[in-house]
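K.L.:
Can you look at this prediction? I've put the sequence above it.
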Amino acid sequence: MTRPSLSSACSYSPDALPRHVAEAVWRGSEVSDAVSRTISSGFPELDAQLPGRGWPTHCVTEILMPLAALCEWRLLGRSVPGFTTGGGRVYLIAPPKQPHAGGLAQLGLSADEVVWIDASSPADRLWATEQIVKSDPSGAVLSWVAQARPEQIRRLQIHAQSCDAPVFLFRPVATLSEASPAPLRVTAALATGWYLEVRIPKRRGASVPDPVYLAAIPTNLAAVLPPRLQSIPAPAAALLREETSDARALGRIAAPPSAGQPVSH
């Protein structure tokens with residue numbers, strides 16, 4: 001009997017596998033397809049970078065920001081219709097500020113579709129989040145748990161695997177240096193104009209080295225702003241990616257915007 005050579009044993013071809021097996025194989029250099037339901041972020045450029053092209057259900061997503069109450073709704077506001085489809089509710093656990101009913105209504109959230117849980121201590125916040133996730137709610141779970149430890153997030157991740165709703169944990173961007181069992185980690189910060197600078201330091205698949213810039217002007221605000229204020233300049237880094245050939249022809253490249261620099265809106 002002839003023993004196969006090492007090179008032939010290590011070579012891989014999807015065509016050599018049964019179809020159902022080949023479709024289930026995921027290679028680390030690829031962005032994986034979500035095995036669960038996803039909800040569109042409302043930003044096509046962000047969906048293109050998220051596994052399954054949207055916010056995943058059945059898992060925990062960490063959203064890391066420089067400051068709480070900075071851009072949560074700018075990032076998630078366009079997903080509200082997907083959250084509330086079929087009678088779903090949005091569960092707010094220990095938000096840093098009292099929810100503003102009028103502002104949420106402008107996003108399409110009525111008072112009956114919002115459940116606000118005011119938990120003061122870190123232990124109460126984690127307990128409330130875990131109980132809601134375990135109940136498998138319809139809608140979305142948004143929890144501000146700045147002091148959660150990796151083992152506590154792991155516990156939430158285990159319960160989230162049986163939850164058909166996206167579970168978002170809002171934490172400081174400084175925790176990016178810590179290990180986390182969350183399958184998806186996203187950072188969000190204000191950029192120039194009405195843009196958000198979003199990075200995806202962790203996802204199932206190849207890393208995303210460059211930031212994604214989202215034109216996140218609120219829809220209701222765009223309806224009343226004068227035209228001169230609706231002209232949203234794209235960050236220099238975004239323009240560079242779109243016009244690389246022109247920038248090189250001119251012999252200079254614009255510097256990217258300062259990361260984390262606060263701007264007025």
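P.N.:
Perfect, I can see it now.

K.L.:
CA only for contacts and neighbour counts going forward, please
P.N.:
Will do.

K.L.:
Quick check: beta-bridge partners of the residue minimising distance to the centre of the chain?
P.N.:
Nearest to the geometric centre of the chain sits V186, at 5.0 Å (CA atoms, centre = their mean). Note on V186: beta-bridge partners by DSSP bridges are I63.

K.L.:
I figured it was touching W55, is that so?
P.N.:
No: the pair V186 / W55 is not scored as a contact, 10.8 Å apart, by CA atoms under 8 Å.

K.L.:
Just the buried positions in the longest helix along the chain, please.
P.N.:
In the chain, taking DSSP state H as the definition, the longest helix is helix 122-134. Judged by neighbour count using 16 or more other CA atoms under 10 Å, the buried positions of helix 122-134 are R125, L126, A128, T129, E130, I132, V133, K134.

K.L.:
quick one: which two of those are the most distant?
P.N.:
Largest separation among the buried residues of helix 122-134 by CA to CA: R125 and K134, giving 14.2 Å.

K.L.:
before we move on, the earlier item: any chance of CSV for the buried residues of helix 122-134, columns pLDDT?
P.N.:
Output for these, formatted as CSV (pLDDT from 0 to 100):
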residue, pLDDT
R125, 98
L126, 98
A128, 98
T129, 98
E130, 98
I132, 98
V133, 98
K134, 98
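
K.L.:
Looking at those, which is nearest G82?
P.N.:
Using CA to CA, V133 comes nearest to G82 of the buried residues of helix 122-134, at 17.9 Å.

K.L.:
just the angle between the helix or strand where A140 lies and helix 122-134, please?
P.N.:
Taking DSSP states H and E as the definition, A140 sits inside strand 139-144. Comparing the axes of strand 139-144 and helix 122-134 via axes from the mean of the first three to the mean of the last three CA atoms, to 10 degrees yields an angle of 170 degrees.

K.L.:
Packing partners of strand 139-144?
P.N.:
In terms of contacts (3 or more CA pairs under 8 Å, 6 or more residues apart in numbering; DSSP states H and E), strand 139-144 is packed against helix 80-84, strand 89-93, helix 122-134, strand 167-172.

K.L.:
Low-confidence stretches in the stretch 101-250 of the chain?
P.N.:
232, 236-250 (pLDDT under 70).

K.L.:
At which residues are the helices of it located?
P.N.:
Along the stretch 101-250 of the chain, the stretches classed as helices by DSSP state H, counting those that start in this stretch are 101-106, 122-134, 150-160, 219-222, 227-230, 236-242, 244-250.
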